[in-house]
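Student: sequence below, structure please.
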Amino acid sequence: MLACVAAMGFFIWKYSTFYIPGKGFTSMIVIGDHWVNRLLPELQSMDIYLQRDSWGYDGLSYAQIALRPDLTDPDLGKAVDNLPFRARRILFCWTAWFVGGGTPEGVLLAFTLQNGVAWLLLSILLFRWFRPDTLEDFVRWFATLFSFGMCFSVRYALVDGPSLFLIAAGIALAEAKRPWLSALVLGVSGLGKETNLGAA
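Tutor: Alright, predicted model coming up:
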């Protein structure tokens, strides 16, 4: 358990190093300077971290949908690359908009933080299967949380990390003989990423 707590502490410390005074955690979204003229007006007016000589990464598309979750917005079609595909993964855009209170600053902060929150929640939920009293289970727990996919999702504000947490929650509910609640969680998770439905 001490090793688990140390690993969680390391994650929180490493996550905090991405904070830039005045710009928050916007470096995690990876907003490329080549894309700056196509950003939503509210994002252009904010003090954000711009990646030099870059077109940005997927998190930028989802962050902009979170700022304007109305998919009929004409500005959104210009700002987001391949909007019909991105719109299928709208769940975590909605959660960021709701938690952020609909204000641009609040939504952007919520969007950048939700991967870290999902990681921490998953780290606790995994104790259901990987008890922290044997070396084997610690290795399984650690390998899941610090896998390339999880770290990549956190670093680039993607939907994969929060998706894994919802899948794990759905499985835990099924094991607890809560099939309808499990089905609800797994069904909703499909709005986070369509491949999540395979967990059903």
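
Student: which residue is nearest the middle of this protein?
Tutor: Among the residues of the chain, the one closest to the centroid is Asn115, at 3.5 Å (C-alpha atoms, centre = their mean).

Student: what pLDDT does Asp81 get?
Tutor: In the prediction, the pLDDT value recorded for Asp81 is 88.

Student: start at 46, not 1
Tutor: Fine by me, first position is 46 from now on; the one you just mentioned is Asp126.

Student: for Gly146, see how far away it is.
Tutor: For Asp126, the distance to Gly146 equals 27 Å [C-beta to C-beta, to the nearest Å]. Heads up, the C-betas are built off the backbone N, CA and C, glycines and all.

Student: picking that back up, the residue nearest to the centre of the chain: which element?
Tutor: Secondary structure from DSSP states H and E places Asn160 in helix 149-170.

Student: quick revisit: Asp126 and Gly146: who's more crowded?
Tutor: Using other C-beta atoms under 10 Å as the criterion, Asp126 and Gly146 rank with Asp126 on top: 15 against 10.

Student: checking that one next. Helix, strand or coil?
Tutor: Following DSSP: H, G, I helix; E, B strand; the rest coil, the label given to Asp126 is coil.

Student: residues in contact with it?
Tutor: Neighbour list for Asp126: Ser106 [criterion: C-beta atoms under 8 Å, 6 or more residues apart in numbering].

Student: equivalent analysis for Arg200, please.
Tutor: Each residue near Arg200 by C-beta under 8 Å, 6+ apart is listed here: Met73.

Student: what ranges does this protein have for its strands?
Tutor: Remark: strands assigned in the chain by DSSP state E are 76-77, 95-96.
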